[in-house]
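A.B. asks: Sequence isn't available, so here's the structure alone:
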């Protein structure tokens, strides 16, 4: 039996010929999007919890401030500044107040057949363009397990 489009995208990202539900693979991401909802927490973890932190490929990362624009409190403003400063320091593409993160991604970054991770539950909207998503961290290969998402392939 053939693979679904989601399985083909995952197999390509894992560098294997075939994947099936229940498999766990290390995959290379095409892109990772993180927004102002959680990026500040990830930045804190990167700066304070990881030993010898590094970003594997900053060109695959996109940070987008879109949930609280303008900032609704000093705490939110501080979180956004942390995100902005980290993006500048690591040459990460940064968008602020330019629209909804998923629309920005669809219009400027994602392409059919890519494996894209996002820090937001709506990242799955990229599937409308033939993309596959999940949560991830800073461009490193990640472990990826999945269930039978789209039925059996033809």
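C.D. replies: Now that the structure is in, tell me what you want to look at. All values derive from a computational prediction rather than experimental measurement. Residues are numbered from 1 along each chain as shown.
A.B. asks: List the buried residues of the lengthiest helix in the chain.
C.D. replies: The longest helix of the chain (DSSP state H) is helix 74-89. Residues 76, 79, 80, 82, 83, 84, 86, 87 are the ones in helix 74-89 that count as buried (16 or more other CB atoms under 10 Å). Quick note: C-beta positions are derived from backbone N, CA and C, even for glycine.
A.B. asks: and the next element down the chain from that helix?
C.D. replies: Next along the chain after helix 74-89, taking DSSP states H and E as the criterion, comes strand 93-96.
A.B. asks: how about the helices of this protein, start to end?
C.D. replies: For the chain, helices defined by DSSP H occupy the ranges 5-14, 39-48, 74-89, 101-108.
A.B. asks: Please produce JSON lines containing those, extended by mean pLDDT and distance to residue 20.
C.D. replies: Output for the helices of the chain, formatted as JSON lines (pLDDT from 0 to 100; distance: least, CB to CB, whole Å):
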{"stretch": "helix 5-14", "mean pLDDT": "87", "distance to residue 20": "7"}
{"stretch": "helix 39-48", "mean pLDDT": "91", "distance to residue 20": "31"}
{"stretch": "helix 74-89", "mean pLDDT": "95", "distance to residue 20": "37"}
{"stretch": "helix 101-108", "mean pLDDT": "85", "distance to residue 20": "28"}
